[in-house]
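Engineer: Just need the structure, nothing else, for what follows:
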Amino acid sequence: MDTVEAIGKVLLVGLALGAGLPALFAIGLRLFLAEPTTQEGESVTGPTNPVARYAGIALFVLVAAVIIVAILWVTRNTIDYYFDVNLFPFAPKK
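Structural biologist: This next block holds a predicted model:
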């Protein structure tokens with residue numbers, strides 16, 4: 001049963017990172033470029049909603065942080081070996 005459980009965990013993480021991060025990026029892009037609209041649904045020229053713009057920027061920062069942490073996680077043993085810096089002290093050493 002350990003194999004099935006491990007496959008399930010990998011599947012969930014793969015779905016979350018493989019589909020979730022691009023979805024968050026797309027939502028952030030949509031928020032960042034949102035145009036103000038009138039009551040009739042017509043778009044209006046003018047400045048965008050600052051709250052939506054900052055929410056889009058926050059999603060971009062979140063996606064970038066997840067990518068950077070993932071790269072550091074993959075290279076943690078090499079960084080520890082060459083630079084003697086343990087970036088993830090809670091993770092077991094291999």
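Engineer: and Pro92, which of the three is it?
Structural biologist: Under the three-state scheme (DSSP: H, G, I helix; E, B strand; the rest coil), the conformation of Pro92 reads as coil.
Engineer: I meant to write Thr48 there.
Structural biologist: Using three-state DSSP as the criterion, the local structure at Thr48 reads coil.
Engineer: wait, doesn't it sit right on Leu33?
Structural biologist: Yes: taking CB atoms under 8 Å as the definition, Thr48 is a contact partner of Leu33 at 7.3 Å. The C-beta positions use only the backbone N, C-alpha and C, and glycine is treated the same way.
Engineer: the more surrounded of these two?
Structural biologist: Between Thr48 and Leu33, counting by other CB atoms under 10 Å, Thr48 is the more crowded of the two (14 against 11).
Engineer: residues touching that one, list them.
Structural biologist: Shown in contact with Thr48 (CB atoms under 8 Å, 6 or more residues apart in numbering): Leu33, Ala34, Glu35, Pro36.
Engineer: now do 7 Å
Structural biologist: Applying CB atoms under 7 Å, 6 or more residues apart in numbering, we find Thr48 in contact with Ala34, Glu35, Pro36.
Engineer: Just the buried residues of these.
Structural biologist: If you count burial by 16 or more other CB atoms under 10 Å, the buried members of the contacts of Thr48 come out as Ala34.
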